[in-house]
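Novice: need the 3D shape of this:
(one chain, ligands or ions: 2)
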Amino acid sequence: MNTTSTDIPATMTGAFLPGDSTVALRDTPVHTPGEGQVLIRVRASGICGSDIHYIYNGHIGEGGAAYNDVVAGHEPAGEVVATGPGCKRLRPGDRVAIYHISGCGQCDECSRGYFIGCTSELRAAYGWQRDGGHAPYLVADENTCVPLPEPLTFVDGAFIACGIGTVYEALTRIAVSGADRLLVTGLGPVGAAAAMVARALGVQTVYGTEVVPERVEWARSLNLFDEVIDSSGAPLEAIHELTAGTGVEAAVDCSGHPAARSLALKALRVRGRLALVGEGGTMHIDVSDDVLHKQVQISGSWVTSVPGMTRLAELLARQELHPERLVSDRFPQSEADHAYKAAVGRAAGKVCLVFDN
Ligand SMILES: [Zn+2]
Ligand SMILES: [Zn+2]
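Specialist: Residues are numbered from 1 along each chain as shown. Ligands and ions are numbered 1, 2, ... in the order given. This is a model prediction of the structure:
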């Protein structure tokens, strides 16, 4: 093990999720990094909707997708403090954000950097099947670590893999540009991130729709949207009014709700493009009216790749954009229980654990 740090403890306190809407803080070993692995001093670790839905409120998922009683947290960022044998790129002192899943490294999806799509039994998500970021130290595979350039903060980094990477991937897949007016449906942290990333990619005009009043308010306060439409009214008419009747060139659904997805599709102009990232549920499509006759393109997108995350980190750093402005609450790890309760009750903004170790 190569390290410049002499004060790495043998054990630490990790936050685990028993599945009964509580957080358990337990002693757990600080592991030594193995072949191709690094030890990270965690500095920030995000709490995601999926942590709450699939683990905190009850363990949902079977077999390889089940929570395996590991340290929780799949959105970590921190500093490398030690490298195991065979590491080729990272050195102690490097700042990194971490792609949330490790894979076999050799299948078609892994070789493209989409570890999310690995079907090997070696696939393991941090905070799900292998120890995650809700502890002061984390052993990570070197090939899941993405450099975190200055001036990005660790909280920025914690948000890049899952939330921001997801919308970056979707927006690049439908190739948004300055020629597009973009509609975002569903204005939680991911929807707000879509507006931030779209502007970084050159989009000048971004509209948003949301049904939860607190989120409408929050989205308006961010100054990322030209117009935030309360979709409990007549959102399609509002979009047609804003676009002089043509509809928008591009849309991304971050809500996962059937009505919002249909709205995003119907709001497209001829030859418009729609990306879907909101998980679950269904969608009603009038195939002839909404897709064929309008010649639209619908793209599905599932998180991002390691190279995608790397490009995104560079883009955000160059433009000095800080995803952490979408974080509403920060808690020390000792208050992880409060953090999860806040995340469950939070109508707007993202919750993040921060470490000062
Ligand atoms: Zn996440
Ligand atoms: Zn693989």
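
Novice: part of a helix, is residue 194?
Specialist: Yes - using DSSP: H, G, I helix; E, B strand; the rest coil, the assignment for residue 194 is a helix.

Novice: what ranges do the strands span in the stretch 151-300 of the chain?
Specialist: Taking DSSP state E, counting those that start in this stretch as the criterion, the stretch 151-300 of the chain carries its strands at 181-185, 205-210, 227-230, 248-253, 268-276, 297-300.

Novice: got the buried residues for the fifth one?
Specialist: With burial defined by 16 or more other C-beta atoms under 10 Å, the residues of strand 268-276 counted as buried are 268-269, 272-276. Just so you know, the C-beta spots here come from the backbone N, C-alpha and C atoms, and that holds for glycine as well.

Novice: could you do the third one as well?
Specialist: By neighbour count with 16+ other C-beta under 10 Å, strand 227-230 contains the buried residues 228-230.

Novice: send the alpha carbons of it over as PDB?
Specialist: This file holds the C-alpha atoms of strand 227-230, laid out as PDB (Å, rounded to 0.1, in the frame of the first residue of the first chain):
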ATOM      1  CA  GLU A 227     -40.300  30.200 -16.700                       C
ATOM      2  CA  VAL A 228     -41.400  27.700 -14.100                       C
ATOM      3  CA  ILE A 229     -45.000  26.500 -14.900                       C
ATOM      4  CA  ASP A 230     -47.200  25.100 -12.200                       C
END
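
Novice: counting contacts, what elements does it pack onto?
Specialist: If you count contacts as 3 or more C-beta pairs under 8 Å, 6 or more residues apart in numbering; DSSP states H and E, strand 227-230 packs onto strand 205-210, helix 213-221, helix 235-242.

Novice: cool, and the longest one?
Specialist: In terms of contacts (3+ C-beta pairs under 8 Å, 6+ apart), strand 268-276 is packed against helix 165-173, strand 248-253, helix 258-266, strand 297-300.

Novice: quick one, which of the ones you listed is nearest to residue 71?
Specialist: Nearest of those to residue 71, taken as C-beta to C-beta: helix 165-173 at 21.5 Å.

Novice: tell me who's in contact with the residue in the stretch 251-357 of the chain that ligand 1 sits nearest to.
Specialist: Closest contact between the stretch 251-357 of the chain and ligand 1, by C-beta to the ion, is at residue 303 (8.3 Å). The neighbourhood of residue 303, defined by C-beta atoms under 8 Å, 6 or more residues apart in numbering, consists of 100, 116, 161-162, 165-166, 169.

Novice: re earlier: so which of the buried residues of strand 227-230 comes closest to ligand 1?
Specialist: Relative to ligand 1, the closest of these is residue 228; by C-beta to the ion it sits at 23.7 Å.

Novice: okay, that closest one: pLDDT?
Specialist: Among the per-residue scores, residue 228 holds a pLDDT of 98.

Novice: coming back round to it: winner for burial among the helices and strands packed on strand 268-276?
Specialist: Most buried of the helices and strands packed on strand 268-276, by mean neighbour count (mean count of other C-beta atoms under 10 Å): strand 248-253, with a mean of 28.

Novice: and it, how far out from the chain middle?
Specialist: Centroid separation for strand 248-253 versus its chain: 19 Å, with C-alpha atoms, centre = their mean, to the nearest Å.
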